[in-house]
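# Structure of the sequence below:
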Amino acid sequence: MNLFEIDEKIMNCFDDETGEIIDKDKLNELLQNKKDKRESIALFIKNLNCEADAIANEINNLQARKKAKENKAEWLKNYLAEDLKGENFETAKVSAKFRKSKSVVIDRPDELIDFAIAHDASLIRVKPPEINKMAVKKKVGDLKQFAHLEERNNLTIK
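Numbering: from 1, shown residues only. Coordinates of the predicted model:
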């Protein structure tokens with residue numbers, strides 16, 4: 001039986017016209033059932049949160065292991081590249097080849113931005129401004145026409 005059904009049965013314990021209790025024992029039993037149901041739901045939420053934390057911890061552990069493996073692979077790749085000195089290497093099981101690529105290196109970024117603003121705006125990207133909600137929260141009294149604080153009830157289960 002869910003909380004809604006318990007509430008319906010509790011309402012049936014009262015006389016519709018007079019509001020008097022019809023069955024006091026049944027009412028007490030339903031109120032205890034409601035309390036037990038609430039406790040079970042809260043404990044289930046607590047358990048789910050613990051499982052979610054355990055999963056998050058495992059994700060962090062796996063991400064750390066992944067990063068360590070990636071770093072080791074990168075170090076070994078650089079080690080092999082240094083040893084090969086630009087020569088390709090191939091066996092029946094593996095192939096290591098060099099390829100040429102080009103990468104842009106910005107030597108003087110501030111000067112390039114100034115140049116782009118004056119001559120060629122396509123060289124820069126402008127990101128839209130983002131509102132800092134923490135700063136707005138501190139000054140919401142001065143910003144009443146733009147923002148307001150909304151009070152909420154947040155259930156905490158420990």
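# which residues of the chain fall in helices?
For the chain, the helices identified by DSSP state H occupy 3-11, 24-84, 109-119, 133-138, in order along the chain.
# Quick check, Asp15 in contact with Asp23.
No - with the criterion set as Cβ atoms under 8 Å, Asp15 and Asp23 do not qualify as a contacting pair; they are 10.4 Å apart. In this view, the C-beta of every residue, glycine as well, is placed from N, C-alpha and C.
# Between these two, tell me which one has more neighbours.
Asp23 (12 against 9; other Cβ atoms under 10 Å).
# From Ala121, how far out is Leu43?
When Cβ to Cβ, to the nearest Å is applied, the distance between Leu43 and Ala121 equals 60 Å.
# quick revisit: can you say which of the helices of the chain is nearest to Lys144?
Taking Cβ to Cβ as the criterion, Lys144 comes closest to helix 133-138 out of the helices of the chain, the separation being 11.2 Å.
# And the contacts of that closest one?
Taking contacts as Cβ atoms under 8 Å, 6 or more residues apart in numbering, the residues outside helix 133-138 that touch it are Leu143, Phe146, Ala147, Leu149.
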